[in-house]
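In: Show me how the following folds:
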Amino acid sequence: LTASGQTSWHGFAEAIFAEALAAGVLAKVPTVEAISSSEYPTPARRPSWSVLDNRRLQQDFGIELPAWQDGLKRVMAEVARA
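Out: Sure thing, here's the model as predicted:
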């Protein structure tokens, strides 16, 4: 089960830093360099394209999950309050 929407790990990292800046947790956003899956050494082989999909949950049960960006904003607001 995942939130709705999709992004890459690179996009997720950039969004985290952007939200941290907006929440006042960071003073400056670091540069995040995008790399391909083949450039990241892991013992497991990774697919070049892989997205978790919640369409069946929505179709079968009428459950629509919030966007991952909304969850990120909530978490970063909690971090900023701590």
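
In: The residue nearest to the spatial centre of the chain: helix or strand, and which one exactly?
Out: The chain has Phe12 as the residue nearest its centroid, 3.7 Å off, counting by C-alpha atoms, centre = their mean. Assigned by DSSP states H and E, Phe12 belongs to helix 9-22.

In: which residues in the protein form helices?
Out: With DSSP state H, the ranges of helices along the chain come out as 9-22, 55-61, 68-81.

In: which of those helices sits most buried?
Out: Among the helices of the chain, ranked by average contacts under mean count of other C-beta atoms under 10 Å, first place goes to helix 9-22 (a mean of 16). Quick note: C-beta positions are derived from backbone N, CA and C, even for glycine.

In: give me every residue that touches Ser48.
Out: Contact analysis of Ser48 by C-beta atoms under 8 Å, 6 or more residues apart in numbering lists Ser37.
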